[in-house]
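1. Have a look at this prediction, sequence included:
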Amino acid sequence: MVKVFIYPATSLILSDMVARFGHEPLGSAIGIRERIQTPGIESPPLQITPEEPKKGLKWAAVEVPSGVRGRMAVYGPLIEEAEAAIIIKDPDYAFGCMGCARTNELIQFHLRHKGIPLLDLDYPTSDEEGVGFVAAVKEFLTGLKTEGSA
Amino acid sequence: MAEYVPDYQGTVTKYVFVESPLLTPKDLAVKAYEISAGVMIKETCFGLQVTGTPEEVEPLIRAIREFDPTHIFIKDRGFPPGDERRCRANLGGARPGYLGHEFEMQRVRYISHGLSRLAGMDDTEMHTAAARRPEDERARPLDLRRLKKLIEAEEP
């Protein structure tokens, strides 16, 4: 079982496909769950504490806004854990404030510089594209299994 | 600052989305309750939320998938159901978010089609299908340089 980072990190389709083909998806829910399930000081809504921007310094420089560093404190450990990644190019719904946009860029930057197996895809817009999408994901994930067991 | 004591510590929560012509969320909830063995299940408009320890949830999720493998989609959720910070009952209105789910649920029918077609494929066919990229077939906007050439080439 390989840990596969998914981008967009909230993607239902990618999360399902990675788990369906026998691997472990790493996405936002894993990082958020860790914070939600850890006792400490109450910091609603997502239990992101003032400590997070300090932790985020590992993945983003000090002059980067604290919002980006805070977000990277959630995603950074997951990227470090990741052994492979699947990226959907320009997902329509992964927009947001400048903090989200810069974090999305940083996530992709770190993934591409990590040297792990990567698969770039587009969301399917037809049945035929759906076949190609599923086939590409399955082939990629099956290949990971072969490398891991070799 | 208030002390934070998490609810349902050590549990995992999974979203189960069903987009099937044969199975409604209600049917799925009834089937899931029958085999749940005490795992907390919440029926929703799109499917279910399942909460329990990883050892309890994993086998249940595997069993739920089997009801309609190509039309049931599952992902992790960070919050347990009913959490005051996310539950609409406490927020005084619609819950924020779900934008991604709404977007992706428009695409899952293509994934379902892909999964059912892939079941009957051998390795060679799968490799051919995987090598195809949609950008080769999608319509593209007119290149600016080409547009400029067309404008300049126009006869007076």
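-> Thanks, I have it.

2. doesn't residue B:26 make contact with residue B:43?
-> Yes - contact between residue B:43 and residue B:26 holds when scored by Cβ atoms under 8 Å: they sit 6.8 Å apart. For glycine as for every other residue, the C-beta is placed from the backbone atoms N, C-alpha and C.

3. Same drill for these two, tell me which one is more crowded.
-> Between residue B:43 and residue B:26, residue B:43 has the larger neighbour count (other Cβ atoms under 10 Å in any protein chain shown), namely 16 against 10.

4. Can you give me the neighbour number for the closest residue to that one other than its chain neighbours?
-> In space, and not counting its chain neighbours, residue B:43 is closest to residue B:29: 4.0 Å by Cβ to Cβ, 6 or more residues apart in numbering or on different chains. Residue B:29 is flanked by 19 other residues according to other Cβ under 10 Å.

5. which stretch of helix or strand covers residue B:29?
-> Using DSSP states H and E, residue B:29 sits in helix B:25-35.

6. Let me see the confidence value for residue B:94.
-> You'll see residue B:94 listed with a pLDDT of 74.

7. What are the buried residues along the helix holding residue B:29?
-> By neighbour count on 16 or more other Cβ atoms under 10 Å in any protein chain shown, the buried set for helix B:25-35 is B:25, B:28-29, B:32.

8. hey, where'd the helices end up in chain A?
-> A:12-20, A:28-36, A:52-55, A:66-81, A:98-113, A:127-149 (DSSP state H).

9. Which residue is the nearest non-sequential neighbour of residue A:70?
-> residue A:52 (4.3 Å).

10. contacting residues for that neighbour?
-> A:69-70, A:73-74 (Cβ atoms under 8 Å, 6 or more residues apart in numbering or on different chains).

11. can you rerun that using 10 Å?
-> Contacts here follow Cβ atoms under 10 Å, 6 or more residues apart in numbering or on different chains; on that basis residue A:52 touches A:35, A:43, A:46, A:66-67, A:69-74, A:76.

12. now chain B, which segments are flagged as low pLDDT?
-> Chain B contains residues with pLDDT under 70 at B:136-137, B:156.

13. what about the longest helix in it?
-> Assignment by DSSP H gives helix B:54-67 as the longest helix of chain B.

14. For whatever helix or strand comes next after that one, output the C-alpha coordinates as CSV.
-> Next along the chain after helix B:54-67, taking DSSP H and E as the criterion, comes strand B:72-77. Taking C-alpha atoms only, strand B:72-77 is exported to CSV below (Å, rounded to 0.1, in the frame of the first residue of the first chain):
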residue,chain,number,x,y,z
ILE,B,72,-20.7,4.2,-4.8
PHE,B,73,-17.9,6.7,-4.0
ILE,B,74,-16.2,7.1,-0.6
LYS,B,75,-13.9,9.6,0.9
ASP,B,76,-12.6,10.6,4.3
ARG,B,77,-14.1,13.4,6.4
